[in-house]
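J.: predicted coordinates and the sequence they were generated for:
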Amino acid sequence: MHLIWENIMKNLMHLWTGEYKSLDTGTEDYQIESTVWDAIGEASAASGNTIPYIFGPRPPNVATDRVSWTADTRSFWAQYVGPVLLERRFKQRKYYDHFVLFVKLIRQCLQFEITQDEVEELRIGFIAWVKKYEQFYYQYDPQRLAMCPLTIHALLHISDSILKTGPVWASWAFTMERYCGKLQPAICSRHFPYASLNRYVLDHARLSQIGLMYGQSVQAELKLRPEHVERGKRVPGYDTCVLLPSHRAYTPDRGIIDKIIGALCTRFDTITPQVLRRALPNTIEEWGKVRILNDGDTIRAAKMDSVMEDKRDATFVRYEVLIDQNARYRHRPVVLEKKTLYGQLQHIFHIELLPITSHVLPSPPPILLAVIQTCNIERSNQDLDIHYYTRMGSTDYVDVTTIQCVVGRIKDRGHYAIIDRSGTLSRAIFSEPSEEAE
């Protein structure tokens, strides 16, 4: 992947700004005006405030920052920030479409699993992309041969490399770079750096062999860091998440109580709203954060989130619910359909209902409600999973388990683009109940 991020993507940026080997645009017009590029750079740097830290480092300013770029930051910018900020920036749409095709192909390369049919799609896709590159930038002019470095030709061999060595992640250089990062703190002497490295590598290898020979019990004792223990409050019935501080006692007003009762009615469909209203305590717990377990995201509630100048917003989420398509028609049967929504998490309520003796429910299960203000999605790029909105919509009261992940936002010319890096890994699966279970 360094072939792409440190070479091709870098060269494309130079082409768009007229800085590539002192070559002009020839018969094409792909160069972006300097004032427009400066605006893209400012929006790129500002997007760090609305992109959660879990996404990675803050995107640099593409117009002024020449130092902060790495393969990692350029990868993130190309896949998520670039498709948003470059839209309608070129004088002709074809250059943007060419870049988006490049992003689609790269995302397909980065899949954890890839089939032979998808590899063949990559082969055809890269051939088409290279041909367009030659048409737009090389223009079949021998005087512009510098537009065709070896890295462009190397794209045509990516599919063959995947067939021989497996998915891209199995052979990329990020693993070695990460290992080199672990070695760097081991250098304790400037005069004899290699002796320090040799001792560290040898000690690490010995400890690894001892752990392999004597089992898990010894491995735990040999770890330099203690075993990670998930902190936070666990709520019975919610095995996929934990609540994190801060928290406080919250007294809801009449409007919020009505919304909570409406949400509880979908959970306890055999209990009337009047009974649920009597069972709802006057004071409930409100929490500031929820963490999805098994390396999931930590999401903050906006109403309890502190305001800091350099804070990165982690309050917007993707959540998935079942919606009755016939909700407006009283006499029609219930037809549930899964729908993906985006919004800002406002509150996290932990509700302990009082005993409901009239329905033989002496100890109702605890409820975790998420209060989410939805984003009114105006249009979407389904291929890149980017969704655009300008205004916020209504507020939903849903179970906290409907939240799938935290999402980032990029502000661009008066609207926001929602970016989601989770792919298909955190999509909810709704299974029909089996007849035996019924």
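T.: Thanks, I have the structure now.
J.: mind pulling up the pLDDT for the nearest residue in space to Thr390 that is not next to it in sequence?
T.: Leaving aside its sequence neighbours, Thr390 sits nearest to His415 (Cβ to Cβ, 6 or more residues apart in numbering; 4.6 Å). Using the backbone N, CA and C atoms, a C-beta is placed for each residue, glycine as well. In the predicted model, His415 carries a pLDDT score of 95.
J.: next SSE after the least confident helix or strand in the chain by mean pLDDT?
T.: Least confident element among the helices and strands of the chain, by mean pLDDT, DSSP states H and E: helix 216-222 (a mean of 65). Later in the chain than helix 216-222, the nearest helix or strand by DSSP states H and E is strand 241-250.
J.: next SSE downstream of that following strand?
T.: Next element after strand 241-250 (DSSP H and E): helix 254-267.
J.: what lies in contact with that following helix?
T.: Under the contact criterion Cβ atoms under 8 Å, 6 or more residues apart in numbering, helix 254-267 has outside partners 252, 271, 273, 276-277, 280, 349, 351, 353, 367, 369, 371, 395, 397-399.
J.: narrow those residues to those in strands?
T.: Phe349, Ile351, Ile367, Leu369, Val371, Thr395, Tyr397, Val398, Asp399 (DSSP state E).
J.: format those residues as JSON lines; extra columns: distance to Asp239, pLDDT and neighbour count.
T.: Compiled in JSON lines, these are given as follows (distance: Cβ to Cβ, whole Å; pLDDT from 0 to 100; neighbours: other Cβ atoms under 10 Å):
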{"residue": "Phe349", "distance to Asp239": "19", "pLDDT": "97", "neighbour count": "21"}
{"residue": "Ile351", "distance to Asp239": "18", "pLDDT": "95", "neighbour count": "19"}
{"residue": "Ile367", "distance to Asp239": "15", "pLDDT": "95", "neighbour count": "22"}
{"residue": "Leu369", "distance to Asp239": "17", "pLDDT": "96", "neighbour count": "21"}
{"residue": "Val371", "distance to Asp239": "22", "pLDDT": "97", "neighbour count": "23"}
{"residue": "Thr395", "distance to Asp239": "27", "pLDDT": "95", "neighbour count": "15"}
{"residue": "Tyr397", "distance to Asp239": "22", "pLDDT": "96", "neighbour count": "20"}
{"residue": "Val398", "distance to Asp239": "18", "pLDDT": "95", "neighbour count": "19"}
{"residue": "Asp399", "distance to Asp239": "13", "pLDDT": "95", "neighbour count": "16"}
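J.: flag the shaky bits of the chain, pLDDT-wise.
T.: Scanning the chain for pLDDT under 70 picks out 1, 216-230, 423-438.
J.: have a look at it and report its longest helix.
T.: Using DSSP state H, we find that the single longest helix of the chain is helix 193-214.
J.: packing partners of that helix?
T.: helix 174-183, helix 216-222 (3 or more Cβ pairs under 8 Å, 6 or more residues apart in numbering; DSSP states H and E).
J.: angle of that helix against helix 174-183?
T.: 110 degrees (axes from the mean of the first three to the mean of the last three Cα atoms, to 10 degrees).
J.: all helices for the stretch 251-400 of the chain, in order.
T.: 254-267, 273-279 (DSSP state H, counting those that start in this stretch).
J.: quick one, which of those is nearest to Gln344?
T.: When these are compared by Cβ to Cβ, helix 254-267 sits nearest Gln344, at 15.9 Å.
J.: OK, contacts around the nearest residue to Asp72 once chain neighbours are set aside?
T.: Counting by Cβ to Cβ, 6+ apart, Asp72 lies nearest to Gly56, which is 6.5 Å off, once chain neighbours are set aside. Residues near Gly56 by Cβ under 8 Å, 6+ apart: Asp72, Thr73, Phe76.
J.: tally of neighbours for the last one?
T.: This points to Phe76. Neighbourhood size, Phe76 [other Cβ atoms under 10 Å]: 22.
J.: try the one 10 residues further on
T.: Other residues lying near Leu86 total 20 when counted by other Cβ under 10 Å.
J.: burial of the closest residue to it other than its chain neighbours, as a residue count?
T.: Excluding the flanking residues, the one nearest Leu86 by Cβ to Cβ, 6+ apart is Tyr96, at 5.8 Å. A count of neighbours around Tyr96, defined by other Cβ under 10 Å, yields 17.
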